[in-house]
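**Student:** this one's structure only:
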């Protein structure tokens with residue numbers, strides 16, 4: 001039976017599957033397998049046809065001008081790593097080994113640039129790096145950690161290698177965090193797991209999600225619910241569902257996208273008049289792709305490109321702020337009001353038509369992937385009594401204090417006030433200290449929330465290696481994914497803050 005929420009890693013890679021190509025020591029990216037398609041990887045070209053039929057976890061390396069599948073049990077695979085010594089030599093037991101007398105003057109390497117270029121044509125990559133290591137005069141005098149770093153630098157320069165990994169939640173989160181961390185708001189897998197633990201999402205819960213991480217949180221919640229309950233996805237500028245499709249999720253019936261500004265306004269507005277817009281949505285076809293009916297209204301007249309499921313908003317009915325002044329969006333021109341749904345229009349379900357814009361329907365337009373769009377319009381009673389409100393707020397220019405971050409934190413808090421049930425959990429991740437601290441302070445002063453927590457999360461990756469030279473035993477080894485912060489000068493040690501709280505009743509005797 002085909003899974004609706006995650007790819008089947010027991011099956012071979014098939015056409016139209018989405019996989020992750022992790023480049024050696026350089027991050028990775030997601031790609032959809034299509035026949036005849038060529039991509040750029042490792043500054044080289046790769047035909048995706050050769051990945052059809054391979055298994056997840058396979059390794060491909062560029063040797064002799066072509067990509068070849070590498071056998072991990074091949075003794076020649078990474079044979080140059082045998083040059084790294086496991087224990088310090090006998091003569092260095094009394095005197096600890098360090099690199100204080102080793103100077104990188106570019107004279108320790110016996111091979112010249114022309115010699116290395118000549119070796120590239122005659123030998124494979126493993127033999128090339130092994131020859132470079134053997135011709136280094138200072139390699140044997142380095143510590144074990146320095147030897148590993150030296151070989152990693154040579155690998156990043158000479159080795160063209162990538163791994164085929166499945167698009168599950170763990171691999172997708174790590175892929176984006178190491179390659180494009182700003183796109184997912186610097187959420188790594190440990191932080192995502194911490195958010196899911198604090199939210200305590202259970203089977204059949206009703207969850208409200210505000211996702212500024214390309215759909216990462218939405219995908220995690222969808223996998224946790226497994227088709228049960230309901231997911232109300234708050235849509236505003238910067239919201240995307242890209243990762244939801246990459247995770248292999250094919251069940252969208254319990255995901256309902258609603259407009260953030262429309263449902264947190266004090267006035268009723270148009271919410272609930274056309275509940276779920278069922279009359280504007282076709283049933284899924286044989287391929288599982290849901291499309292909307294064509295609309296004859298032009299975009300210039302306020303009609304939405306989402307098949308009519310986005311209701312028209314009367315600019316005169318916009319709510320007023322605390323000072324009694326009309327909101328700034330009520331005085332916007334029509335072009336600015338359309339930009340309010342910019343994130344929606346980019347991922348709307350495409351209507352049938354022609355690629356050149358003509359009325360001839362003989363050449364159908366390629367349809368987009370099914371997703372959580374278009375916007376629906378349930379009643380406020382249906383949205384109320386959510387068990388969890390979870391989300392993140394992030395922007396690429398996170399070093400600057402953006403006023404929109406303050407606005408979004410207030411909106412999420414307002415959404416929790418309106419739709420979170422008593423005993424429900426509010427979990428919000430953010431990059432900037434001031435908005436998150438202000439939210440924590442406001443929740444603490446409020447009588448409606450208890451158990452308010454403010455957590456600062458760190459980037460954690462490696463444990464420091466310390467060698468006990470007296471007992472000749474490695475007291476601490478370089479172990480992956482240990483609970484010690486990653487201390488590097490070029491990256492910041494922390495990646496964000498998590499504010500969590502539990503909603504409580506104010507009528508306490």
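**Tutor:** That came through fine. Computed from a predicted model, the values in this text were never measured in an experiment.
**Student:** low pLDDT regions in the stretch 101-250 of the chain?
**Tutor:** Filtered on pLDDT under 70, the stretch 101-250 of the chain yields the residue ranges 101-106.
**Student:** All the strands of it, in order from the start?
**Tutor:** Remark: strands assigned in the stretch 101-250 of the chain by DSSP state E, counting those that start in this stretch are 161-166, 206-210, 230-235.
**Student:** among the ones you listed, which is nearest residue 190?
**Tutor:** Closest of those to residue 190 is strand 161-166, at 18.4 Å (criterion: C-beta to C-beta). Glycine gets a C-beta too; all of them are placed from N, C-alpha and C.
**Student:** strands paired with that closest one, and their directions?
**Tutor:** Using DSSP bridges, the strands paired with strand 161-166 are strand 18-23 (antiparallel), strand 59-63 (antiparallel).
**Student:** Mind listing what's buried along the longest one?
**Tutor:** The neighbour-count check on strand 18-23 (16 or more other C-beta atoms under 10 Å) flags 18-23 as buried.
**Student:** ok, now stretch 134-141?
**Tutor:** Those would be 136, 138-139, 141, for stretch 134-141 by 16+ other C-beta under 10 Å.
**Student:** Roughly how far does the residue nearest to residue 496 when sequence neighbours are not counted sit from residue 422?
**Tutor:** The shortest distance from residue 496 to any non-neighbouring residue, by C-beta to C-beta, 6 or more residues apart in numbering, is to residue 431 (4.9 Å). For residue 431, the distance to residue 422 (C-beta to C-beta, to the nearest Å) stands at 30 Å.
**Student:** Can you pick out the residue with more neighbours from these two?
**Tutor:** residue 431 (23 against 12; other C-beta atoms under 10 Å).
**Student:** Quick check: phi and psi at the more buried one.
**Tutor:** Backbone torsions of residue 431, given as degrees, to the nearest 10, read phi -100, psi -30.
**Student:** List the residue ranges of the chain that fall below the pLDDT cut-off.
**Tutor:** 1-3, 25, 75-76, 85-106, 266-373, 395-401, 459-494, 508-509.
**Student:** if we can go back for a sec, quick one: the residue nearest to residue 496 and residue 187 touch, right?
**Tutor:** No: look at residue 431 against residue 187 with C-beta atoms under 8 Å: they stay out of range, at 9.6 Å.
**Student:** So for those two, which residues contact both of them?
**Tutor:** Contact criterion C-beta atoms under 8 Å, 6 or more residues apart in numbering; residues shared by residue 431 and residue 187: 495-496.
**Student:** Could you measure from residue 229 over to residue 60?
**Tutor:** 41 Å.
**Student:** Give me the neighbour count for residue 374.
**Tutor:** 23.
**Student:** Quickly find the element holding it.
**Tutor:** Assessed by DSSP states H and E, residue 374 sits outside every helix and strand.
**Student:** Kindly report the same for residue 495.
**Tutor:** Short version: residue 495 belongs to strand 494-503, going by DSSP H and E.
**Student:** in that strand, what counts as buried?
**Tutor:** Buried, per 16+ other C-beta under 10 Å, within strand 494-503: 495-503.
**Student:** all helices of this structure, in order?
**Tutor:** 113-122, 125-134, 144-158, 169-179, 189-199, 216-225, 242-246, 260-264, 334-339, 342-346, 380-383, 403-419, 433-445 (DSSP state H).
**Student:** For residue 84, find the nearest of those helices.
**Tutor:** Per C-beta to C-beta, nearest to residue 84 of the helices of the chain: helix 144-158, 4.8 Å.
**Student:** OK, contacts around residue 427?
**Tutor:** Contacts of residue 427 (C-beta under 8 Å, 6+ apart): 195, 198-199, 388-391, 498-500.
**Student:** how close does the closest residue to residue 433 other than its chain neighbours get to residue 181?
**Tutor:** Ranked by C-beta to C-beta, 6+ apart and with sequence neighbours excluded, the top spatial neighbour of residue 433 is residue 497, at 6.5 Å. Using C-beta to C-beta, one gets 16 Å for the distance from residue 497 to residue 181.
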